[in-house]
Each structure stands twice: as structure tokens, then as C-alpha cells.
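> Make a model of this:
(one chain, ligands or ions: 2)
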Amino acid sequence: MGIERTFSIIKPNAVKKNAIGDIIHTFESKGLRVAAAKLTILSKEKCELFYAEHKERPFFGELVSFMTSGPVLLMCLTGEGAVLKNREIMGATDPKKADAGTIRAKHGDSMGENAVHGSDSLASAERELAIFFDKHELVNL
Ligand code: DAT
Ligand code: MG
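Numbering: from 1, shown residues only. Ligands and ions are numbered 1, 2, ... in the order given. Now for the predicted structure:
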């Protein structure tokens, strides 16, 4: 698999409950490294572009309004097989179905407010990183 980069967001509900440190600690303890990070509030335009694949879904409006409701931490995570590893550490989309010990099981509040985003493939990771980071902001670790 080799060293990969993936895109991660700590979502507004998790930032609000002061869980940034716990979530980053979980990533680091399982072998991922933070290669870029930015605390910001997403604009509606960027959020809609980021979630474009879900535009026709009934929850799209609710998703965008939640994701723009408060600060988020945008990150590039890197490491061996980072894309899949990140998805495993996050757990299932629905926190009620997420395995014990995953970030979503611990910090997710609902299907929508599920604490973290993680890219679902290498191609998605590159697309998503390019929306939020300039090339020079991604550190080579
Ligand atoms: P994931 O974030 O696990 O990749 P996804 O890409 O299917 O899941 O959906 C993107 C986000 O949209 C997800 O993190 C939370 C929200 N979402 C998905 N399905 C939903 C639903 N049925 N109701 C409300 N929000 C939903
Ligand atoms: Mg997804």
C-alpha cells in the first residue's frame, strides 16, 4: 500500500465538545501523522463543493447547515495505508453502528453529527485536499 495522504475533518459537534485533542491522539496512537491542519468555519459554497456527490440526497441541506454551523479542524493525515486506516479508526457512518473504540462510537452524536469526515479513496483524498489546502501547506513527513 505504501505511505498515503488522506483528508480528515473534525466536525463542529466534536470541536464544540473540546474533543480535538482526544481525536488527534487516537489518530497518532494508531500510526497516522498530522501533515497539515487548519481551524476554520466552512463557507456554504466550499462545503457544497466538497459534498457535491451528495447534492441530490434528502439530507444535503441539513448536512451543509451542520457543517457550516461552527469551527471545524481540516487536516491532512499521512501514514501507511492512510486512507483505509483512517476509515477504520473513524468507524461506521452511523455512530450507533460504529465499532467500540472508534472515534464515531465515542464522539458521534447522530448519523449527521458523526464527529469526523475521512476520504473514502485515494482519488477522493486528492480532490478533497486540493479544495482546502495549497500544495505548499502539505508537509512531507
Ligand atoms: P461517510 O462520512 O461515512 O463517508 P457518506 O459519504 O455516506 O458517509 O455521507 C457523508 C455524510 O453525510 C455523513 O458523514 C453524514 C451525512 N449523512 C449520510 N447519510 C445520512 C443520513 N441518512 N441522514 C443524515 N445524514 C447523513
Ligand atoms: Mg463519504
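> any idea of the mean pLDDT for stretch 18-26?
For stretch 18-26, mean pLDDT is 98.
> Stretch 111-128 now?
On average, stretch 111-128 scores 98.
> tell me how far it is from the chain's mean position?
On the basis of CA atoms, centre = their mean, to the nearest Å, stretch 111-128 sits 5 Å off its chain's mean C-alpha point.
> is it fair to say residue 75 lies in a strand?
Yes: Residue 75 sits within a strand when classified using DSSP: H, G, I helix; E, B strand; the rest coil.
> For it, which residues are in contact?
7, 8, 9, 10, 34, 35, 36, 37, 38 (CB atoms under 8 Å, 6 or more residues apart in numbering). For every residue, glycine as well, the C-beta is placed using N, CA and C.
> which one of the residues you listed sits closest to residue 61?
Within the contacts of residue 75, proximity to residue 61 (CB to CB) peaks at residue 9, which comes in at 18.5 Å.
> In a helix, the closest one, correct?
No: read with three-state DSSP, residue 9 is strand and lies in no helix.
> what's the burial count for residue 108?
26 (other CB atoms under 10 Å).
> Please report how far the nearest residue to it once chain neighbours are set aside lies from ligand 1.
Using CB to CB, 6 or more residues apart in numbering and skipping residues adjacent in sequence, the residue nearest residue 108 is residue 95, 2.8 Å away. Distance, residue 95 to ligand 1, by CB to the nearest ligand atom, to the nearest Å: 10 Å.
> you'd agree residue 95 is up against residue 105?
Yes: applying CB atoms under 8 Å, one finds residue 95 in contact with residue 105, separated by 6.0 Å.
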